[in-house]
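>>> need a structure here:
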Amino acid sequence: MKDRKRIILGISGASGAPLAMRVAARLAALETVEIHLVVSHAARQTLQHEVGPRALDDLLGMAHCNHPIGAIGATIASGSFPVQGMIVVPCSMRTLAAIASGLSDNLLTRAADVQLKERRPLVLVARETPLHLGHLRNMLAATEMGGIIMPPVPAFYRKPETIDAMLDHLATRCIDLLRLPGAPLTLEWNGVA
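Numbering: from 1, shown residues only. Next up, the predicted model:
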């Protein structure tokens, strides 16, 4: 695992657990990646409701290291622990607000804060609709600090035929935003003839 790129995968309690599972699966398929997982208490409930009773076990099986949400002294809470970046998928508005205000009250938000202070990629798959001004201000604040806001908006121009195709495209876009070495996972758009 020495040559692998460490990726932190944070999962918070917003709707979007199937996308979190797909991102984890796509990361796990990459031999060059080491997954460090942190799951909020609310995310555990959402995973069970949206994916099923075995979802958390499946997710834990894909991770190389599982960090409890309350383990504020874990390796990923420190900037001296080098990682390639972090994806929070889905990113609830509560988690977004904590990140935008620098509130590091659990390991997920602390790890995100570390990414920002170390100038590493932080992809926030913000999941809420519609949005009020507070949500938008938090997105702006996180962006100004270097975060990447990526709402899970399907790319209909690719004419996906299934939900799986939409999930795959969104998952690969999340991962590609971390700028891992090698070719992007997302199929390149060749334009319209």
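
>>> Break down the chain into its helices, ranges please.
Ranges of helices in the chain, per DSSP state H, are 17-28, 41-50, 55-62, 93-100, 107-117, 133-144, 163-176.

>>> Just tell me which of those ends up closest to residue 73.
helix 107-117 (8.9 Å; C-beta to C-beta). All C-beta atoms are positioned from the backbone trio N, CA, C, and that covers glycine.

>>> C-alpha coordinates for the closest one, CSV please?
Written as CSV, here are the backbone C-alpha positions of helix 107-117 (Å, rounded to 0.1, in the frame of the first residue of the first chain):
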residue,chain,number,x,y,z
LEU,A,107,-13.7,13.6,12.1
LEU,A,108,-15.4,14.1,8.8
THR,A,109,-15.5,17.9,9.1
ARG,A,110,-12.0,18.0,10.6
ALA,A,111,-10.6,15.9,7.7
ALA,A,112,-12.3,18.3,5.3
ASP,A,113,-10.8,21.3,7.1
VAL,A,114,-7.3,19.7,6.8
GLN,A,115,-7.8,19.4,3.0
LEU,A,116,-8.6,23.1,2.8
LYS,A,117,-5.7,24.3,5.0
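
>>> Sort out which residues of it are buried, please.
Within helix 107-117, the residues that count as buried by 16 or more other C-beta atoms under 10 Å are 107-116.

>>> Closest to residue 13 out of those residues?
Scanning those for proximity to residue 13, where the rule is C-beta to C-beta, the winner is residue 108, at 10.3 Å.

>>> quick one: that closest one and residue 69 touch, right?
Yes. Between residue 108 and residue 69 a contact is recorded at 6.2 Å, counting by C-beta atoms under 8 Å.

>>> Is it possible to get JSON lines of the helices of the chain that adds distance to residue 81 and mean pLDDT?
JSON lines is the format used below for the helices of the chain (distance: least, C-beta to C-beta, whole Å; pLDDT from 0 to 100):
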{"stretch": "helix 17-28", "distance to residue 81": "18", "mean pLDDT": "98"}
{"stretch": "helix 41-50", "distance to residue 81": "22", "mean pLDDT": "97"}
{"stretch": "helix 55-62", "distance to residue 81": "20", "mean pLDDT": "97"}
{"stretch": "helix 93-100", "distance to residue 81": "18", "mean pLDDT": "98"}
{"stretch": "helix 107-117", "distance to residue 81": "8", "mean pLDDT": "98"}
{"stretch": "helix 133-144", "distance to residue 81": "22", "mean pLDDT": "98"}
{"stretch": "helix 163-176", "distance to residue 81": "20", "mean pLDDT": "96"}
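
>>> No more questions from me, cheers.
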